[in-house]
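In: Give me coordinates for this.
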Amino acid sequence: MSASEQPHVFFLAHGLYPIKGYPVTGNGVRAWGLIQGLRQRGCRVTYATPADTIRPGWEAYATPGFDVVFFDGASDLNASIDRIKPDVIVGVNWELVDLLSKELEVPLVLDLIAPRLLEMQFQRATHTAIDTEMLHYMQVLGRGSHFLCSTDKQKAFYRSWLMLSGIYGEDDPIDVIPISANPDIPQRTRKITNELTFIYGGVFWPWQRPSSYLNRVLTSLQRHGQGRLLVIGGSYPLAQEDATASAFTDTLVSNPHLMLKPLLPYEEMEQTFLNAHVAVDLLERNPERELSFSYRIIEYLRCGLPVVCNHYLAIASDIESYQAGWVINIEDDPDALEALVNDILTHPDRIAERSANAQRLVRERFNWERTTEPLYQYCAKPTMLQRQPNVLTTILARQQRLEDDLRDQASLHTEQLSQQGNWLDRQETRLVSVGKQLDRIERANQAHQADIRELIQAQQYLDHRVSILANRGIFRWIWRIPERIYRVVLKPLFSGKNAKNIAIITRADIFPVHHGAAVRIVESARSLSRHCDQVLLITNDRTKYFSFIRGEMSEQYYPKFLHVFPLPLNPIIQYILQHRGLPPNECYLFYALYDLNMWARTLFIAYQHRITLYQAEFPAFLRPALIARWFFGGKTSLVEHNVEFSRIDETEGMPSKARQFLQKVEIDLCNRADYVIAVSTVDQEALVAAGVQPEKITLIPHGVDIKRFAGAVPAVSQMSNGSSSRAPVLVYHGPYSYAPNLQAAMALGTVILPALEKRGHHVACLAIGDSPPAHSPHPSLTFVGPVDDIAAHLKRGDIAVVPLTAGGGTRMKVLDYFAARIPVVATRKAVEGLPVEDGKHLVMVDEVEEMVEPIVKLINSPDRRRELTDNAFALVETLDWSVIGTRYMELYDLPWWRGNGTL
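Out: Numbering: from 1, shown residues only. As a prediction, the model looks like this:
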């Protein structure tokens, strides 16, 4: 490189820089800041990352002077370096240095941004693993020619490691370059209100323990009855899913002021920070934290978020001197956090000044135009560092010399002792032989005596048991054997010849009937039982099954041997499924894949009742149905309440291997069934796209019990046709143990009801369903709890509001509102897959905030409410469960059913 040329710098990192639509790692942000600082000084930059980290959209950042290289292994990487011929290599992830050729003659800059060896102490690493990593670390450091870190504390820490690695001398090879931000500071537009948003975000690492502080913030917010804490985070984006994220969220107390979000793409994270008011970065003190420098603190400050941080952080003095946040010392003042939160909530107007100070601090101290100058100076005149043998090599050489000396001295004495040793060995061998013979004789004698005692005890026990069996009537038990053989084996052969029976196989949590899937299963059984002799409902329950005859349900019990045979394997099945990557709370839906007892119980029912059709509710329950079909014949049907692999991945998140496993199982089972029932066109199209044969799929939507709603006696409505001043009643229902339902209820209390009040409408809101939260987010929102007569309670409402933004599910709540003749305002997600039209059957919106205007219009327009309810009721009349049952039977076309609803 000539004096007039600008250097060409090759960055080696694991993971891309910030890409629109994807979360970014801290190392990605660090590398991007260094790159931008060098590019503004005229440097040419090539960015290299492993091929498995490619994300769509990376090419938008490839511009003249900035190239991106993806490599697959060491040979691919070194070939790229040979072709590009950079002046300097900057390793942002030191673990990748092993891929570089040992003959490489390009100066290497190592960015030691995080104290990796200290982090390992919190990852359950063994002493051996840590020792190995230390040796590896020293070898990598020994290859560096220049080094970067973030703070002076880190520099002191790394200087000792460099000396151990053979790097020492009068020249200082370490530059302190803090994590830096874009000098183009974004403008904040959100005004300070009484509803303050505190925020904590980032990857959940085991050495970062913020839970105790965050719980104290939540307690303070709940005590004041205002504000919220938004926690954004998850596992490392480029790693396999682990339990760290779920373990962290489990430590947060349940609180209506808490909101959780997964890791966000960089641009969404920035917008979220701009809409918040105060950042919280408080973590339990440990050696790793004292040396760390968090990139998220810089992002907070850049977005104008004053930061609450610990006093021991390196950046704490800057935050304190600039008044860019608040520095607290919990060790000296245990109540400092609660006092600070109280002061912030009491004086929210003071936040604006500290917000401006936060952005000023970044602009003056932490922007990449200023901080990257030392790196540029080195890249402009790079030099190869002269290394000495590291301390480990020196110690091993000295140890080898000592061992050689001792070995020579020992050999002199070996010959002298050899003859004496040989004689002693012969004597010892004789003594050992005699001792072994004595031991064998003693053991044989003891074993013979033990055998005699065992035989005596066995004879006594046998005599005792024979006596007991005789006294209790062993002959009577033998006498009943023919009767039992006839009842279990022979009688079904003759009595079930012309049976017209259907079996439904499903999960056990359908009683009480409080969720949509349970309603569909039970009502389908009732409806089908009116077209056959009986419907047998088989669940995971080992003791009993259910019989539906003409719509009436009764319990029946299995023989006792089926209660225990085979032994319960659910814990083992749970382990297998979790090992495959399934979320723990979803595994129960797939027990039937491996549950031998359920297979045996299904075969028992099939034999006893001569089943003609097996209807599986949820994919895994088709496996016992297929086994029974193989033995006894009949048809099989699979009812897909959702596209399960897609729903679980969307609501829970899964590793790719788990999604692939579930998708393969579900699609294979669908293709083996005689019929596949989809509940919506959306699910039907998704199943076909995933590989299910289109001709197998039939759309049969969810139903509703019209008679139940017609016969319900409603409470008096709170809103007349406009003449009354009483408050209107909004209504929503669902189980709140399901996260999307709870989020919808929280949106009612935190978004919709406050917005209606600002418009001058004071309404009451009923949230019906089990597992309600301990506290309501709004005085007008009442959690009623589970009810037996849902129809009567729904008819208390004047408008149904369904602010669902996530999840799958059966969407049956909307059909219930139609049957109850309640006008509905819903998000598009809430009616996904239902055959409804916006403006005709209900009012649909895209976002929760957009629901307020339609609600106000419906409150003020009785005629519009009546028009919507009439159209919706006309639609739902075609979905009565009796109609749904007939559609099932028309599809199955069983030989004893002739399409007229009779046998």
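In: for Val224, what are its contacts?
Out: To be clear, residue 224 is His; Val isn't right here. Going by CB atoms under 8 Å, 6 or more residues apart in numbering, His224 touches 342, 345. All C-beta spots, glycine's among them, are computed from the backbone N, C-alpha and C.
In: Give me the distance between it and Val308.
Out: Applying CB to CB, to the nearest Å, the value for His224 to Val308 is 16 Å.
In: again, but for Asp816
Out: In terms of CB to CB, Asp816 sits 46 Å off from Val308.
In: for Ile315, same thing?
Out: 13 Å.
In: what ranges do the helices span in the stretch 551-700 of the chain?
Out: For the stretch 551-700 of the chain, the helices identified by DSSP state H, counting those that start in this stretch occupy 561-564, 570-579, 596-609, 622-632, 644-651, 656-672, 681-690, in order along the chain.
In: List the buried residues for the second one?
Out: Think helix 570-579. For helix 570-579, burial by neighbour count (16 or more other CB atoms under 10 Å) applies to 573-574, 577.
In: Would you confirm that Arg296 contacts Val203?
Out: No. Between Arg296 and Val203 there is no contact, the gap being 9.0 Å when judged by CB atoms under 8 Å.
In: got any residues that touch both of the two?
Out: Here Arg296 and Val203 share the contacting residues Gly26, scored by CB under 8 Å, 6+ apart.
In: can you list the weak-confidence ranges in the stretch 601-750 of the chain?
Out: Filtered on pLDDT under 70, the stretch 601-750 of the chain yields the residue ranges 714-725.
In: Any idea how many residues pack against Lys102?
Out: For Lys102, the count of nearby residues is 6 (other CB atoms under 10 Å).
In: In which helix or strand does it reside?
Out: Using DSSP states H and E, Lys102 sits within no helix or strand.
In: Can you tell me how far Leu438 is from Arg426?
Out: Distance, Leu438 to Arg426, by CB to CB: 20 Å.
In: Would you mind giving the domain segments of this structure?
Out: What the record gives for the chain is the domain set 8-176, 197-365, 391-475, 503-699, 713-879, from automatic domain parsing.
In: Please measure how far the first residue of the last one sits from its last one.
Out: What it means is domain 713-879. Start and end residues of domain 713-879 are separated by 22 Å (CA to CA, to the nearest Å).
In: just how off-centre is it within its chain?
Out: In terms of CA atoms, centre = their mean, to the nearest Å, the centre of domain 713-879 is set 29 Å apart from its chain centre.
In: for Val45, phi and psi?
Out: Main-chain torsions, Val45, degrees, to the nearest 10: phi -130, psi 140.
In: now Glu867
Out: Per degrees, to the nearest 10, the backbone of Glu867 is at phi -60, psi -50.
In: How about the contacts made by it?
Out: Contacts for Glu867 (CB under 8 Å, 6+ apart) come out as none.
In: need the strands for the stretch 301-450 of the chain, in chain order.
Out: When assigned using DSSP state E, counting those that start in this stretch, the strands of the stretch 301-450 of the chain occupy the ranges 307-310, 325-328.
In: Deepest-packed of these, please.
Out: Among the strands of the stretch 301-450 of the chain, strand 307-310 has the highest mean neighbour count (mean count of other CB atoms under 10 Å), at a mean of 24.
In: Quick one: residues in contact with it.
Out: Strand 307-310 is contacted from outside by 278-283, 285, 289, 297, 300-301, 315-316, 319, 324-330, 337, 340, 358, using CB under 8 Å, 6+ apart.
In: Grab the nearest non-local neighbour of Arg821.
Out: Spatially, and ignoring its direct neighbours in sequence, Arg821 is nearest to Thr869 (4.4 Å; CB to CB, 6 or more residues apart in numbering).
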